[in-house]
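>>> What follows is a protein structure lacking sequence information:
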């Protein structure tokens with residue numbers, strides 16, 4: 001599915017992007033160096049390419065361990081946010097510029113922690129989706145559109161390492177090297193397809209979105225928790241998850257490096273009655289775990305002693321409709337509405353060569369079809385979609401088709417009931 005004119009010429013090998021144009025800049029790790037960067041970027045011109053590297057899988061949380069920025073007239077800067085934790089001054093210096101990021105929602109929270117919040121942005125990943133490119137990873141889309149091959153072998157390294165090795169810094173600098181060129185090419189393609197205004201609405205919504213609130217009952221996201229059905233066993237999952245989270249925070253380690261999810265689930269299934277029993281559970285039997293067995297079993301024992309009314313209920317506590325797979329049994333009419341609207345949205349998405357989930361979010365489709373307005377007219381559907389956070393371009397494309405689909409279903413049911 002692509003109507004893009006930047007299709008890769010497979011007869012020409014991509015050009016390896018091996019070295020930044022101005023070389024690898026020194027890491028900014030002092031206030032004086034940061035002040036010079038702020039001045040340079042304030043005096044630069046045009047959009048600012050922005051990226052951040054985290055230590056997912058190694059450290060607790062999603063804080064940034066390196067920030068990369070590039071702007072015409074200023075070059076590239078690599079900033080150590082551990083040594084320079086307040087980047088509010090830099091954020092202000094480039095506040096009036098358009099920020100160019102790839103997969104912006106991933107990086108914006110950790111940048112906000114440093115005091116960097118864009119007023120305007122251009123998300124090259126989302127732009128690629130709207131333009132109809134099948135592969136929208138940074139390396140893939142740079143290769144397809146610009147003809148460069150970008151090495152991604154350092155994407156999952158431990159960015160909390162100090163000092164950062166030279167090859168990692170080169171990789172980080174290259175991540176923003178051609179980001180602005182990519183932005184320009186994608187903007188041209190979106191304009192050619194008549195989608196640039198759609199993309200700008202999407203980017204504005206991302207920039208204006210509030211910082212995500214913590215999920216309720218985060219322990220319910222433990223991998224494999226669907227295997228656990230009994231409330232007492234769920235209490236063990238919760239107790240071990242919370243005990244692990246405390247250790248992970250104290251040690252600044254990724255929770256799964258402290259205790260894997262699989263060990264938590266195995267313990268809940270086994271329901272050990274002593275620390276010795278717990279030592280036989282996969283994930284608790286290694287030499288490194290023996291010293292902590294007392295701590296982990298104390299969490300299990302606490303779950304055993306909870307009164308019934310304090311046990312967690314099976315299933316997730318969720319706002320909004322249940323999972324769509326359960327609709328056929330719980331609410332067959334809603335299941336019919338969901339299928340009809342999904343079909344209508346998919347047809348429009350195919351017509352405009354973009355993913356259906358970017359035309360209208362699956363959550364909006366579920367919520368609308370689970371509890372549709374009494375009035376199924378176009379204006380009422382448009383108002384409902386607007387209330388669910390749909391952008392105006394999405395409403396313009398989908399409201400009429402959704403209204404017609406739901407009206408047809410209602411008419412058919414009325415005929416069947418007569």
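That came in fine, so what should we check first? The shown structure was predicted, so the numbers you read here are calculated from the model rather than taken from an experiment.

>>> and the residue most central in space within the chain, what element?
Of all residues in the chain, the one closest to the mean position by CA atoms, centre = their mean is residue 106, 4.8 Å from it. For residue 106, the enclosing helix or strand under DSSP states H and E is helix 104-113.

>>> Would you mark the buried spots in that helix?
104, 107-111, 113 (16 or more other CB atoms under 10 Å). Quick note: C-beta positions are derived from backbone N, CA and C, even for glycine.

>>> farthest pair in those?
104 and 113 (15.1 Å; CB to CB).

>>> Residue 414: which of the buried residues of helix 104-113 is nearest?
Using CB to CB, the buried residues of helix 104-113 come closest to residue 414 at residue 104, 46.1 Å.

>>> nearest residue to that closest one other than its sequence neighbours?
Nearest in space to residue 104, with sequence neighbours left out and distances taken as CB to CB, 6 or more residues apart in numbering, is residue 123 at 4.3 Å.

>>> Check which helices and strands the helix holding residue 106 sits against.
strand 45-54, strand 64-72, helix 196-208 (3 or more CB pairs under 8 Å, 6 or more residues apart in numbering; DSSP states H and E).

>>> would you list these in a markdown table and tack on mean pLDDT and distance to residue 390?
Listed next are those as a markdown table, based on pLDDT from 0 to 100; distance: least, CB to CB, whole Å:
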| stretch | mean pLDDT | distance to residue 390 |
| --- | --- | --- |
| strand 45-54 | 98 | 27 |
| strand 64-72 | 98 | 31 |
| helix 196-208 | 98 | 10 |
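
>>> how about the ones you listed in TSV, adding distance to residue 99 and mean neighbour count?
Shown next, in TSV, are those (distance: least, CB to CB, whole Å; neighbours: other CB atoms under 10 Å):
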stretch	distance to residue 99	mean neighbour count
strand 45-54	5	22
strand 64-72	9	23
helix 196-208	8	16
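
>>> To residue 345, which of these lies closest?
Across those, closest to residue 345 is helix 196-208 (CB to CB), at 14.9 Å.

>>> which residues are contacting the closest one?
Applying CB atoms under 8 Å, 6 or more residues apart in numbering, the external contacts of helix 196-208 come out as 104-105, 108, 118-123, 126-127, 130, 187, 190, 358, 389, 391-394.

>>> buried subset of those residues?
Counted by 16+ other CB under 10 Å, the contacts of helix 196-208 give 104, 108, 118, 121-123, 126-127, 130, 187, 190, 358, 391, 393-394 as buried.

>>> Restricted to strands, list these.
Among those, the members falling in strands (DSSP state E) are 121-123.

>>> Kindly reformat those residues as a markdown table and extend each row with distance to residue 142.
Output for these, formatted as a markdown table (distance: CB to CB, whole Å):
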| residue | distance to residue 142 |
| --- | --- |
| 121 | 18 |
| 122 | 15 |
| 123 | 15 |
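
>>> still on that earlier bit, quick one, the helix holding residue 106 and helix 196-208 angle?
Taking axes from the mean of the first three to the mean of the last three CA atoms, to 10 degrees, one finds helix 104-113 and helix 196-208 inclined to each other by 30 degrees.

>>> Mind giving me the packing neighbours of the helix or strand harbouring residue 415?
Here residue 415, judged by DSSP H and E, is contained in helix 392-417. Judged by 3+ CB pairs under 8 Å, 6+ apart, helix 392-417 is in contact with helix 196-208, helix 332-352, helix 356-359, helix 378-387.

>>> Check which residues of the worst-scoring helix or strand of the chain on mean pLDDT are buried.
Taking mean pLDDT, DSSP states H and E as the measure, the helix or strand of the chain with the lowest value is helix 287-290, at a mean of 78. Buried residues in helix 287-290, counted by 16+ other CB under 10 Å: residue 289.

>>> distance between the following helix or strand past that helix and the chain's centre?
Proceeding N to C from helix 287-290, the next assigned helix or strand is helix 293-305, under DSSP H and E. Taking the mean C-alpha point of helix 293-305 and that of its whole chain, the gap between them comes to 34 Å (CA atoms, centre = their mean, to the nearest Å).
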